Structure formats: structure tokens, C-alpha cells
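1. need a structure here:
(2 chains)
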Protein chains: 2
Amino acid sequence: MNAPRAPLRELDQALAELLAHAEPLSQTEAISTFEGDSRVLAQDLVSALQVPPQDNSSMDGYAVRTGEITEGATLPVSQRIPAGSAAQPLRSGTAARIFTGAPVPEGADAIVMQEDTESAGDDRVRILRVPERGQWIRASGEDVTRGSVVLAKGERLGAAGLGLAASIGMDTLTVTRRPRVALFSTGDELVMPGEVAPADMKPGVIYNSNRFFLSELLRRLECEVSDYGIVPDNRDATLKALEHASREHDLILTSGGVSVGEEDHIKPAVQQLGSLDLWQIAMKPGKPFAYGRIEAAHFMGLPGNPVSSFVTFLVLVRPFLLKLQGATKLAPAPMELVAHFDLPRPDRRREFLRVRRDAQGGLELFANQSSGVLTSMVWADGLVDNPAGRAIARGDKVSFIPLAELLG
Amino acid sequence: MNAPRAPLRELDQALAELLAHAEPLSQTEAISTFEGDSRVLAQDLVSALQVPPQDNSSMDGYAVRTGEITEGATLPVSQRIPAGSAAQPLRSGTAARIFTGAPVPEGADAIVMQEDTESAGDDRVRILRVPERGQWIRASGEDVTRGSVVLAKGERLGAAGLGLAASIGMDTLTVTRRPRVALFSTGDELVMPGEVAPADMKPGVIYNSNRFFLSELLRRLECEVSDYGIVPDNRDATLKALEHASREHDLILTSGGVSVGEEDHIKPAVQQLGSLDLWQIAMKPGKPFAYGRIEAAHFMGLPGNPVSSFVTFLVLVRPFLLKLQGATKLAPAPMELVAHFDLPRPDRRREFLRVRRDAQGGLELFANQSSGVLTSMVWADGLVDNPAGRAIARGDKVSFIPLAELLG
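-> As a prediction, this is how the structure comes out:
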């Protein structure tokens, strides 16, 4: 009746084992740069040009030779250089009208900003303040130099990265293909919202919430998700569904059914079709986790409690899926913030506490840290990664990870 | 020749003025909860049930009456309660086999976890450790109580929020409709990647990068984006395009063409069709900004430099678009981190420095803070919001905003 107590595995060790199984996908695809958000580059982007291409003005004003002018000097305006045009060399003793982004004419060594000038009539300008050499000039290549790698293979693209790729003329990008993930829910107690009204819920049943956040978390990692719904409640149908899923997917992900004594059809079915290890991970929320394999497909079983499922996804499945895509950065760096709460009785396991920044920049703790309380994940703006057994007193520095960095 | 120098406007004041123009959209739509990510709730979500519905077990094990047992006691197992089933009252002097999530039988007041039991043969169990009253029992309603507002109108939904909505049985959600945004690029120096190869770029021209990150930033705010491309270079066509855009959109957004002396067709065209104010905002990167109106459509002109355009979007346009959608939270809370850099010569304007957390949890500064260097936004994981004129010395605490919280 008592199952052998599996030894607790440290989270870092579990993650390392899991990542050792994550062979990056070799297939790539070319996509429009407009569609590149959150995808992982499968090529180094090497610039064929300088950005900006020439020395150019960062102000509207007048290009001058600083050696020639003094405060109050008036100069004829010898040319007009809008952005996008080509400049003539600056004639000695003159100024060139110039606009933001326009190339600095040969011979000019600074820009007088428009506000530091006034009209002296007859296409002449009076210089009210003499600029320093180089002032308001952006040097060619100050953003990107020709031949440099602006974005490296393994970089996960964001809005700024797309802009940078565009700035060196890339209208398409080669990225790793999307991981294909089959999502199963397991648990006889689960019903889908919309299928049964709240007033008609039978005793013991609950709505399936994990399916909603897991599919969203997968989508944010640019996975193609096949939602297989609730695992069929007989062995043959389960075998068939898993076998089908294993042929078409890189990862089969389930939640529920991985605790010691839980009974469901998915565990024996995975064992029959491939291999399955049940892990006990020294983390809270979390602990039960399953890793297995059916043919080429990976299998991961998350715990069924919503917060356990959510957090286990963030710390184990997310880095795995990023590594599958070839990403070099798999997890955000934590930062030190001050606890504005006490945790006198810490857990023996490493704990991920749901916290929120307060108006003073410290951290508040959500009152109920139970793994069943999904409200805590909505309320929180971050997790404190607290080492096993470490009590926290108000004023202590703790390790904070913004949820936004784990959800993107 | 010298334009009147517009007085600098403080950023907070500019933002307040802008937000005063943002009348929340009144139209809503019902969407599947699966599609709700990043949308803003237009209704309070009130729970019609308790979550969890009954007191239930948070462990696999045995439900017992603690008053009846001592260490080493053996009890007959009188029933078996899987998750999703209904429990009978617990017969005195017996234990009930129970699984995670299953309802606690009437009369039982604690769960003995499976690891603290062993088989005593003949469907009997030996209790190796007596639990405390209430142990491993999750109380009905500990996550959500019937009648409570689980998510309020104005909440911007994330993965956890979708799960929480599902947990109270909501399969559809009423959200504010998406804002419709017309995006124009302006600048004769701009060409699109893909249209001209890097080797064929004429002097003075650059690739349009702003269009790529602005459309992505808009998409992340759940806007419907119409990309009008580069503003036509004659007055009539510009008038026509703006007039068309104003009829179909909530916001017309441009980048470039709002500096003091810049010449383009869009400014006079907006003035002719509606109204336009040119602002000088005391921020860096940034400063020039235009707000106007064409009929019911808002008009905003961002500066043309990529980093200025990006940061101005994040601190001004983003909160505006969130308010349009009725969101209650318009900006992330900054936090205090330690500078691992010096800024001996601060700007006279409030500055948003591109920084990154280092391995010690402090902040490094990107070497070139020029508003033309988009590389800085790719490199950075956050912005330091530095007050006007404030020098920073290594070790100082500074106000840090994670970019992930501004990009989501």
C-alpha cells in the first residue's frame, strides 16, 4: 500500500537532467521579420553596412566648421541638406542648413542646433552659441559596424531585435521551427467551463483551469499546440491518443496524474509505449513530475494543482522548450529586493513564493501560498526563489524574479 | 529661421494631458476564454461557486478522525475516494483511502499522507505518524468564495487570469474591443528592408526600423494595426490617406517629422484636417512629440530616432492605449536596484537609461546612450528612470523598470 518513497531530487539537478534530453530542433524556417517576435534566431545576423551609414546630424540646425566661427558670427547658408539627401562638401566660411538624420557635409565638424541660431536675412544665419567639435554629430557605425554580428544565433527576438534586424536590411529571418506540443489534461474530477453550468456541478468535480493557462504559456513560447482535451478514461483509447500524439509532436505535456498514488490511464500507457520516470522534486509548489519518452517525442507530466502546474511549467518546461528552439538564454536573472513580510516557518523544499512589489519597492507576500490557490498567481507580479529551510524576516533581501520575464 | 522655442513640458504633465484625452472605448466583445490573453476585462467576474467546491485532500493518503488514532494504530479501510467522486461519511474507527483533490468525507478531520502509512493486510492500514487536525486538507473556498469578484473590470488578463476565469466556469469573457491603430512612417531617408539590398543603398538613406518594432509593440497591446507604410510625398495624397485613416481608426501613429525644423507633409495635413500640438517633453531619449486630433481619431507623432521612438511609445503611447481599453493599471511599478556604473554628467532632462542586470544583481549601463543606437534596446533588460540632473555613482540605488513589464 505504501509506495516506495522516491528520493527527493534537487531542482537544479532535475533541470540539468531535463535539459540534457533537449536536443535542439534542427529544422529552420524563413519568416518575415514582421513575424519574428519571440522566435529564436537560427543564424547569426551579420551586417553588410554601417548604421548609421554616414556621419549625420542628430539635430535640426546648421553644419559648420568650428575653427571658423565665433559667437555672433553670421555666415551665408551655402546648401540645404534634408534627411535622405547627399551632401556637397561644406564651402569654407559658410554654413549648411541641415536636418535630423541628414548626412554631415565633408569639412563640417559640428552642428549648431537651430535654437542656437537666428536669421541674419538674405539666406544668412547668425550663430548664437559655438558648438564643441563633434557636437550633434552621430558617427557612422555608432549603432552597427559593417561585418559585425548584430544578433547571434540563439537570440530570442523581441520588438527591439526586429527593429535592429530591419535596420541592417533583413526583411526575412531564419528561425528554428516552432516546437509541436500535444496537451492532455488528466483527472476524472475535471469538467470544461461551458459544458456544465456552475449551478449544475456535481460534488467533487472542478473546472479544468490548467488547460487554459498551459495552452497560453505554450503559445507565448511560440509552440504549435494540439489540445487533446481530457485523457480518455480507458486504456485502449489512451494508448491510441498517445501513440498518435507521439508521431506528430516534439513534446506531450499533461497535468495531473503524476502523484504517488494517483490512478489514471496515462502513466501505464506511457510506460507501455515508451519509458517513464516519476520524479520527486524538492520544490514547492511542485514536487511530483514525470519525464518520459515515446519514440522521438518527449513526455512531461506536471502536477495537477494549478499553482504547482504553473510554476513547474515556468521553471522546468519553459527552459526545455527554449532549449529545443536553440535559445541561448533559458531563464531570467533574479534580482535582490527587500521582503516586507515574514516567513518564520520556511519549507524544507526550495520554495517559489508568490509576491508583489508594494509602493515602497519592497515585496508583499500573498497570504495563502497553497498550491491550489490560483488567485495567488494572478495577484503576484513575481516569485521569490527561496532556498530550502531559509526563514525570511521583514527587511531581508530575497531573490525576486518578475513574472513578466517568465511569461514572455 | 529660428522657430520659437517651445517650453519644455514635464513628462508626468505630458502623460496626464494625454491620458485626459483617452476616453475609454465603450464597445465590448465576447470572446473565448482561450483567446483572452492581454485583453482588458469589461465586466467584473463574480464567482457562482466555491473553489475548491468542498474540503478536499491535498495529498494521496488516508482520511482519518485524529481523535481516534495513535501512532502505530491499524484501521480498516472503509471506503475509497478518488478525485471527482462523492464521499460517504467516514465510519468511526476506520480510515478512507483518498487521493489528491478528492472530497474529504464528513467526520474526517485530517489526511495521513501515503508515505506515513503501511499496509497491515486485509484492507487495513497502519498509521505511522498521526497528523495534526486539518492537515493536508484544503478548505472549500480557500481560492475563491461564492459571490466574490475574482477579476475586476479593467484587469488586463494574463495566463493565470485565464486559468482563474476558467476555474469559476467562464468559457467566454466580455472584453473591450481592440483599439484600431493606423501606423505611418515618415522620412524621405527611409527605405524598406527587402526593397533595396544593403549594397545598393544610396548615400543618406537608411532602412525603416521603427515600423517593425512599433507594429510589434502595438500588436502586444492587442491593437488592430493598419500599416499605411511611408507617408506619400505629396500633400494631396497625404491628406487623403490621413482622412481615410481617421475614419477607421482610434489612433493615427507616426514616427519622425515632429522635430522643430523637420519638413514633411504630415504636420500641415493634420493641421488642415483637425488640430495638432507640437510638444517638447523634458525626457531623454525623446523630446519632440505631437498630439492632435482628426475628427474622432487621436493623432500621435513620435520622434524619428529609433530609441526615442521606442521609449516615447513605452512611456506615453502604451498607457494611452491601455486606458483606451479601460485598463486600470497603466504602468509597471519601478524597483530599486544598485547601479554598477557611474553617470557623472546627467542630462538636464529626465533620462531613461538602457541598463542590464549583471551577475551580481546590480545594473550595468550600455556604453552608448545615443537615441540612434537601437542596439542598446536589444542589449538592455530594463530602463533606469533617472530624474533630471541627478548624477549617479556606483553603488547608488536607482529606479529600475524591467523591459518585460513594459513590452507585455
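2. now do the contacts for A:A237.
-> Listed by CB atoms under 8 Å, 6 or more residues apart in numbering or on different chains, the contact set of A:A237 is empty. C-beta coordinates here come from the backbone N, C-alpha and C atoms, glycine included.
3. now it: phi and psi?
-> phi -70, psi -40 (degrees, to the nearest 10).
4. hang on, A:P179 packs against A:L322?
-> No: in this structure, A:P179 is not within contact of A:L322 by CB atoms under 8 Å, at 9.5 Å.
5. need the residues of the stretch 251-400 of chain A near chain B, please.
-> For the stretch 251-400 of chain A, the residues in contact with chain B (CB under 8 Å from any CB of the partner chain) are A:259-263, A:304-306, A:310, A:332-337, A:357, A:359, A:361, A:368, A:370-375, A:377-378, A:381.
6. can you say which helix or strand has A:S246 in it?
-> helix A:235-248 (DSSP states H and E).
7. can you name the element that comes right after that helix?
-> Past helix A:235-248, the next helix or strand by DSSP H and E is strand A:251-255.
8. what helix or strand is A:A331 on?
-> Using DSSP H and E, A:A331 falls outside every helix and strand.
9. the residue lying closest to A:G256 once chain neighbours are set aside: how many residues sit nearby?
-> Among residues not flanking A:G256 along the chain, A:G304 sits closest, at 3.2 Å (CB to CB, 6 or more residues apart in numbering or on different chains). By the criterion of other CB atoms under 10 Å in any protein chain shown, A:G304 has 27 neighbours.
10. doesn't A:G304 belong to a helix?
-> No: assigned with DSSP: H, G, I helix; E, B strand; the rest coil, A:G304 falls outside any helix and is coil.
11. helix, strand, or coil at the nearest residue to A:D227 once chain neighbours are set aside?
-> Excluding the flanking residues, the one nearest A:D227 by CB to CB, 6+ apart is A:L183, at 5.1 Å. At A:L183 the chain is in strand, as set by three-state DSSP.
12. what segments of the stretch 201-350 of chain A are helices?
-> With DSSP state H, counting those that start in this stretch as the criterion, the stretch 201-350 of chain A has helices at A:210-220, A:235-248, A:266-273, A:306-312, A:318-324.
13. just to revisit the earlier point, list residues touching both of A:P179 and A:L322?
-> A:L221.
14. show me how far stretch A:120-133 is from its chain's centre.
-> Chain-centre distance of stretch A:120-133: 49 Å, with CA atoms, centre = their mean, to the nearest Å.
15. what about it, near chain B?
-> Yes: using CB under 8 Å from any CB, stretch A:120-133 reaches chain B at A:V125.
16. which residues sit against that stretch?
-> A:62, A:64, A:66, A:69-77, A:95, A:97, A:109-113, A:116-119, B:1.
17. give me the buried positions along that stretch.
-> A:120, A:125-127, A:130-131 (16 or more other CB atoms under 10 Å in any protein chain shown).
18. neighbours of the residue nearest to A:F213 when sequence neighbours are not counted, how many?
-> Spatial nearest neighbour of A:F213, excluding adjacent residues (CB to CB, 6+ apart): B:G163 at 3.7 Å. B:G163: 28 surrounding residues under other CB under 10 Å.
19. pull out the buried members of the contacts of stretch A:120-133.
-> Buried among those (16+ other CB under 10 Å): A:62, A:64, A:66, A:69, A:73-75, A:77, A:95, A:97, A:109-113, A:116-117, B:1.
20. which of the residues you listed fall in helices?
-> Applying DSSP state H to these, no entry is found in helices.
21. check what pLDDT the nearest residue to A:R91 once chain neighbours are set aside gets.
-> For A:R91, ignoring the flanking residues on the chain, the nearest one in space by CB to CB, 6+ apart is A:S78 at 4.7 Å. The per-residue pLDDT reported for A:S78 equals 96.
22. A:S78 and A:A87 touch, don't they?
-> No: using CB under 8 Å as the test, A:S78 is too far from A:A87 to be in contact (10.8 Å).
23. now for these two: what residues contact both?
-> Common neighbours of A:S78 and A:A87, using CB under 8 Å, 6+ apart, are A:A96.
24. skip the chain neighbours and tell me the closest residue to A:H265.
-> A:T238 (4.1 Å).
25. with A:G101 instead?
-> Using CB to CB, 6+ apart, the closest residue to A:G101 is A:A83 (3.8 Å).
26. spell out which parts of the stretch 1-150 of chain A neighbour chain B.
-> Near chain B, when you scan the stretch 1-150 of chain A using CB under 8 Å from any CB, you find A:1-3, A:5, A:33-34, A:37, A:47-49, A:51-54, A:58-61, A:82-87, A:99-103, A:114-115, A:117-119, A:125, A:138, A:142-144, A:150.
27. what subset of the residues you listed is buried?
-> Applying 16+ other CB under 10 Å to the residues of the stretch 1-150 of chain A next to chain B flags A:1-2, A:33-34, A:37, A:47, A:49, A:51-54, A:58-61, A:82-85, A:87, A:99-103, A:114-115, A:117, A:125, A:138, A:142-144, A:150 as buried.
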